[in-house]
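Peer 1: predicted model and sequence below, questions to follow.
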Amino acid sequence: MIQIPDGNTNMFMDIKTSLFATYLFLIGDSSALSNWTYTENPSIAVLIVLFSLLIVIYLMNLLIGLLSNAIEEDNNRVSYLMQKAEILAEIELFYLLPHQRRWQTWFPEVIHYYADIDKTRGEVQRLIKEGEWDTKEFTEMRNNLLKELKIKHNPIDNEVILEQLKSHEKLLKELCSK
């Protein structure tokens with residue numbers, strides 16, 4: 001009538017089988033606990049309920065947290081605009097006929113863009129500070145933009161370029177001395 005617990009009747013006798021029983025319980029198989037009656041052992045019933053609630057709540061919150069981090073990385077304005085540009089380019093290349101691509105109402109030669117003057121001024125000042133503003137392209141347009149933004153910029157006095165020249169002079173002196 002009464003069976004002494006061993007590895008076959010009680011999976012919690014050994015650490016390896018107890019981990020396996022816990023894994024089985026996680027996937028919904030509660031056969032490892034079938035040897036006990038829950039009316040005589042209410043602590044087992046309480047532990048089962050606590051285990052299932054805590055594990056489900058913890059794992060779901062962990063999953064939600066990981067997914068929200070992944071979504072947050074991809075949910076920015078730049079990636080949205082890049083995706084939109086790719087879709088528009090694909091539509092223009094593969095779904096429009098040649099005579100449709102020449103329509104001026106759909107594809108004008110000049111596109112007007114309105115930008116916030118404060119943000120534009122800040123971005124131009126950042127580019128000047130980092131030394132990325134002085135390129136050889138669109139020189140007249142850049143000068144007109146500086147006049148409109150009321151930014152005084154002398155490319156000869158640019159600190160970044162002067163520092164680069166000093167480092168190049170040092171390298172040149174080292175090469176000449178060798």
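Peer 2: Nice, I can see it.

Peer 1: now the residue nearest to the spatial centre of the chain: how far from residue 67?
Peer 2: In the chain, the centroid-proximal residue (C-alpha atoms, centre = their mean) is residue 73; its distance is 2.4 Å. Residue 73 is 11 Å from residue 67, where distance means C-beta to C-beta, to the nearest Å. (Glycine included, C-beta is placed from N, CA and C.)

Peer 1: care to break this structure down by domain?
Peer 2: 15-74, 77-109, 113-177 (the TED database).

Peer 1: contacts only, for residue 146.
Peer 2: 124, 152, 153 (C-beta atoms under 8 Å, 6 or more residues apart in numbering).

Peer 1: any idea how far the helix or strand encompassing it is from the chain center?
Peer 2: In this structure, residue 146 sits in helix 139-149 according to DSSP states H and E. Distance of helix 139-149 from the chain centroid (C-alpha atoms, centre = their mean, to the nearest Å) equals 35 Å.

Peer 1: low-scoring stretches of the protein, by residue?
Peer 2: Applying pLDDT under 70 to the chain flags residues 1-9, 74, 155-162.

Peer 1: can you give me the helices in it?
Peer 2: 15-26, 42-74, 77-94, 98-101, 117-130, 139-149, 159-177 (DSSP state H).

Peer 1: adding distance to residue 110, write these out as JSON lines.
Peer 2: Shown next, in JSON lines, are the helices of the chain (distance: least, C-beta to C-beta, whole Å):
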{"stretch": "helix 15-26", "distance to residue 110": "63"}
{"stretch": "helix 42-74", "distance to residue 110": "33"}
{"stretch": "helix 77-94", "distance to residue 110": "18"}
{"stretch": "helix 98-101", "distance to residue 110": "17"}
{"stretch": "helix 117-130", "distance to residue 110": "19"}
{"stretch": "helix 139-149", "distance to residue 110": "13"}
{"stretch": "helix 159-177", "distance to residue 110": "33"}
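
Peer 1: good, we can wrap up now.
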